[in-house]
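Trainee: next come a sequence and a model predicted from it.
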Amino acid sequence: MQKGDVKIGKWIEEGFNLYKNNFTTLVLAALIALVLSTVTIGILTGPMIAGLIIITLQLLRKADPKPEASVVFRGFRYFLNAFLFIIIWGIAILVGSLLLGWFPIIGQLLSLFFVYAAQAFLMFGLYLIVDKQMDFWPASQKSIHTVKTNFWPFFGLAAIASIIGSIGALAFGIGIVLTVPIQICILAVAYQEIFG
């Protein structure tokens, strides 16, 4: 991977366009995903995000027929690996963040950096699970290996996408239905260009 390969501006623009052109499908699918993730206390979060990724990649690749919101349920095909990916890395990131937060003065900054760095390293993991049918651990390793070859630009992309994705949480969490699909679209565009 060459230094210029991380095209943050281009990927964000293409991700926004993908979102804008498929707004209804993506938001409806995200609503289904959010409701099911919430009522199952997070147990279905992995498969639901996997389902959103399936829809997004199909839209990006101009699948015919165009996927409908109900395609989000195809994420259940990847239940175990998506579940393990979200739970194991979620717990690891939470514990690491809490431990770093204890350091006086710079703890909060270290904790924030750790969370964004972890998100950057793992940003392609679920895409690899869904698209290449990889198990959670090899998918995690491949994502980490890919990102570490050009860490800082990937870190920037992941941080921007994550901030966009989490803005909706400010509006009592409801807005997340509108913003998480943007994050998924941006990372899908990046994934498609890197992994094909």
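Mentor: Thanks, I have it.
Trainee: wait, A158 touches A120, no?
Mentor: Yes: counting by C-beta atoms under 8 Å, A158 does reach A120; the two are 3.7 Å apart. C-betas here are computed from N, CA, C, even on glycine.
Trainee: list the contacts of I53.
Mentor: For I53, the contact set (C-beta atoms under 8 Å, 6 or more residues apart in numbering) comprises 75, 126-127, 130-131, 184, 188.
Trainee: three-state assignment of Q133?
Mentor: Put simply, Q133 is coil when judged by DSSP: H, G, I helix; E, B strand; the rest coil.
Trainee: make that K66, sorry
Mentor: With three-state DSSP as the basis, K66 sits in coil.
Trainee: that older thread, narrow the contacts of I53 to those in helices?
Mentor: Using DSSP state H, the members of those that fall in helices are 126-127, 130-131, 184, 188.
Trainee: sec struct for the residue of the chain most remote from its centre, please.
Mentor: Distance to the chain centre peaks in the chain at P104, reaching 31.1 Å (criterion: C-alpha atoms, centre = their mean). At P104 the chain is in coil, as set by three-state DSSP.
Trainee: continuing past the longest helix along the chain, what's the next helix or strand?
Mentor: The longest helix of the chain (DSSP H) is helix 79-101. For helix 79-101, the following helix or strand on the C-terminal side (DSSP states H and E) is helix 107-122.
Trainee: against which helices or strands is that next one packed?
Mentor: Counting contacts by 3 or more C-beta pairs under 8 Å, 6 or more residues apart in numbering; DSSP states H and E, helix 107-122 packs against helix 79-101, helix 136-148, helix 151-167.
Trainee: a markdown table for the ones you listed, including mean neighbour count?
Mentor: As requested, the helices and strands packed on helix 107-122 are exported to a markdown table (neighbours: other C-beta atoms under 10 Å):
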| stretch | mean neighbour count |
| --- | --- |
| helix 79-101 | 16 |
| helix 136-148 | 18 |
| helix 151-167 | 18 |
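Trainee: can you lay out the ones you listed as CSV showing mean pLDDT?
Mentor: Formatted as CSV, the helices and strands packed on helix 107-122 follow (pLDDT from 0 to 100):
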stretch, mean pLDDT
helix 79-101, 96
helix 136-148, 97
helix 151-167, 93
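Trainee: before we move on, the earlier item: which of the ones in helices among the contacts of I53 lies closest to L18?
Mentor: When these are ranked by distance to L18 (C-beta to C-beta), A188 comes first, at 7.2 Å.
Trainee: that closest one: neighbouring residues, count only.
Mentor: The tally of other residues near A188 (other C-beta atoms under 10 Å) stands at 28.
Trainee: ok, it to D135 distance?
Mentor: 21 Å (C-beta to C-beta, to the nearest Å).
Trainee: now swap in L110 and tell me
Mentor: For L110, the distance to D135 - C-beta to C-beta - is 31 Å.
Trainee: mind checking which of those two has more residues around it?
Mentor: Neighbour count, other C-beta under 10 Å: between L110 and D135, L110 has more, with 17 against 14.
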